[in-house]
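Trainee: below is the sequence, then the predicted model.
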Amino acid sequence: MSGILIAEDEEALLEVFAELVEALGYRAIRAHNGEQALMLARTEPPDLVVSDHMMPRRTGVELLRAMRAEPSLASVPFVLLSAARPSGREEADVFLAKPVDLNDFEEAITNALRARPPVAIPTLGEPKASGDARRGPVLAREEVLNWVAHELKTPLSSARLNAQVLLRKLMKRGSEDEVRSTEAVLRQLDRMSHLISSILDASRLAEGKLELKSRQDDIVAFLRELIQEWRELEPQVEFVLVGAEAPVLLPFDGERVRQVLNNLLSNAVKYGGEARRVELGLSLHPGLADIHVRDWGIGISAGALPSVFERFQRADAEPAQGHGLGLYIASSLAKLHGGSLSVKSALGAGSTFHLRLPLSRRSVS
């Protein structure tokens, strides 16, 4: 039976992960910190490691690098979990953001256990356990943010996974009222997770701590994939893609541009009124690509337009609709790309948001 080593310092979450692994038919090997995980791996090389990042004595990334530096452990698949976005996460075979989705977790386990070729052993020297070079009395702001993410999202992840397991059982029993109640709990947990992520992103953006991972890619293919995802997510809404034809290459961080456009598309669906139609389009201008998201809904008043991209500002008076950080984050991410985000809108006439990104010299093929 395949042995899966699980490293997680939160006991409740460790047990949830272990139960899920065992339910999939694998043997769970439990470790409460990074140093213990490395010792267990050396004693009995596992078939797969699932590790949290922020742990005492050795972080998840430190554990990963230590294993990659040892010939007997270098090719062991590694799934890294974190509420933050730690540097080095791309070195793992799979990275999952907390709170972890039940289906994503099971899929990651299955995929990571598939045979992978041996990897070249990097010349990384043995990293010291995080406790050996621990901080002074004042933590850096980035460390504080990561700590906040870990402390809030770890119990949230445990609650969400347990709720998903409960929902799966209730659906088999056919109890509709209990299913609806559990689904409502999951929606609120997702809302809490989104709020935490938004607060952390807004803080990092305000402090200039958020860095992009841009690479040259085809924005047309990216938009086609995105619009298809939204068609599947909101089948009752008509999503139209215009102007995205020939490939257009430009440097952008796909994860962050997706975050910007998901925010705009979500708002277009939310405030689109009875039209139930959203347009995503691309046009090219000298030196830039203009991506627009248009709806034919309630629109934004002239008085609200000047402050719509400021923190904690909202275009409507319903606090339950959002937290007032989405457009601020979207605008800041556009600026990080060297671009901009603007809006044209009028009450009752809908809104059109324009995300402008700079083109590279050889952008159109």
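Mentor: Okay, I see it. Residues are numbered from 1 along each chain as shown.

Trainee: let me see the ranges of the strands in the protein.
Mentor: 3-7, 27-31, 48-52, 78-82, 94-97, 215-218, 238-242, 249-252, 277-285, 288-295, 340-345, 351-358 (DSSP state E).

Trainee: redo those as a markdown table? Include mean neighbour count, mean pLDDT and distance to Leu63.
Mentor: Any C-beta I mention is one placed from the backbone N, CA and C, and that applies to glycine too. Putting the strands of the chain into a markdown table (neighbours: other C-beta atoms under 10 Å; pLDDT from 0 to 100; distance: least, C-beta to C-beta, whole Å) gives the following:
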| stretch | mean neighbour count | mean pLDDT | distance to Leu63 |
| --- | --- | --- | --- |
| strand 3-7 | 25 | 91 | 6 |
| strand 27-31 | 19 | 90 | 9 |
| strand 48-52 | 27 | 93 | 6 |
| strand 78-82 | 26 | 91 | 8 |
| strand 94-97 | 19 | 89 | 14 |
| strand 215-218 | 13 | 93 | 27 |
| strand 238-242 | 15 | 95 | 42 |
| strand 249-252 | 20 | 94 | 32 |
| strand 277-285 | 18 | 94 | 41 |
| strand 288-295 | 22 | 95 | 40 |
| strand 340-345 | 18 | 94 | 39 |
| strand 351-358 | 20 | 95 | 37 |
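
Trainee: list the residues that contact Arg231.
Mentor: Shown in contact with Arg231 (C-beta atoms under 8 Å, 6 or more residues apart in numbering): Phe239.

Trainee: that older thread, out of the strands of the chain, nearest to Lys270?
Mentor: strand 288-295 (9.1 Å; C-beta to C-beta).

Trainee: measure stretch 18-30 end to end?
Mentor: Distance between the two ends of stretch 18-30: 7 Å, counting by C-alpha to C-alpha, to the nearest Å.

Trainee: what's the offset of that stretch from the middle of its chain?
Mentor: Stretch 18-30 has its C-alpha centroid displaced from the chain centroid by 25 Å (C-alpha atoms, centre = their mean, to the nearest Å).

Trainee: cool, and stretch 183-198?
Mentor: Centre-to-centre, stretch 183-198 and its host chain are 13 Å apart (C-alpha atoms, centre = their mean).

Trainee: what's the answer for stretch 57-75, then?
Mentor: Counting by C-alpha atoms, centre = their mean, stretch 57-75 comes out at 24 Å from the chain centroid.

Trainee: break the chain into its domains for me.
Mentor: The chain is divided into the following domains under automatic domain parsing: 1-211, 215-358.

Trainee: determine how far the longest one lies from the middle of the whole chain.
Mentor: Between the centre of domain 1-211 and the centre of its chain there are 13 Å (C-alpha atoms, centre = their mean).

Trainee: same deal with the last one?
Mentor: A distance of 18 Å separates the C-alpha centroid of domain 215-358 from that of its chain, computed with C-alpha atoms, centre = their mean.

Trainee: hang on, the earlier thing: least confident of the domains of the chain, on average?
Mentor: Among these, domain 1-211 carries the lowest mean pLDDT, at a mean of 78.

Trainee: gap between the spatially most central residue of the chain and His194?
Mentor: For the chain, the residue sitting closest to the mean C-alpha position, by C-alpha atoms, centre = their mean, is Ala97 at 5.7 Å. Distance of Ala97 to His194, given as C-beta to C-beta, to the nearest Å: 12 Å.

Trainee: need the strands of the chain in JSON lines (columns: distance to Ser158).
Mentor: Below are the strands of the chain laid out as JSON lines (distance: least, C-beta to C-beta, whole Å):
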{"stretch": "strand 3-7", "distance to Ser158": "13"}
{"stretch": "strand 27-31", "distance to Ser158": "15"}
{"stretch": "strand 48-52", "distance to Ser158": "12"}
{"stretch": "strand 78-82", "distance to Ser158": "12"}
{"stretch": "strand 94-97", "distance to Ser158": "14"}
{"stretch": "strand 215-218", "distance to Ser158": "34"}
{"stretch": "strand 238-242", "distance to Ser158": "35"}
{"stretch": "strand 249-252", "distance to Ser158": "35"}
{"stretch": "strand 277-285", "distance to Ser158": "35"}
{"stretch": "strand 288-295", "distance to Ser158": "35"}
{"stretch": "strand 340-345", "distance to Ser158": "36"}
{"stretch": "strand 351-358", "distance to Ser158": "36"}
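
Trainee: just to revisit the earlier point, residues in a beta bridge with the residue nearest to the centre of the chain, which ones?
Mentor: Following DSSP bridges, Ala97 is listed with bridge partners Ser82.

Trainee: surely Phe17 meets Asp9?
Mentor: No - if you go by C-beta atoms under 8 Å, Phe17 and Asp9 don't touch, sitting 11.9 Å apart.

Trainee: the two - which one has more neighbours?
Mentor: Phe17 (26 against 18; other C-beta atoms under 10 Å).

Trainee: with respect to Asn262, which of the strands of the chain lies nearest?
Mentor: When the strands of the chain are compared (using C-beta to C-beta), the closest one is strand 288-295, at 10.1 Å.

Trainee: what angle separates that closest one from strand 340-345?
Mentor: Strand 288-295 runs at 40 degrees relative to strand 340-345, counting by axes from the mean of the first three to the mean of the last three C-alpha atoms, to 10 degrees.
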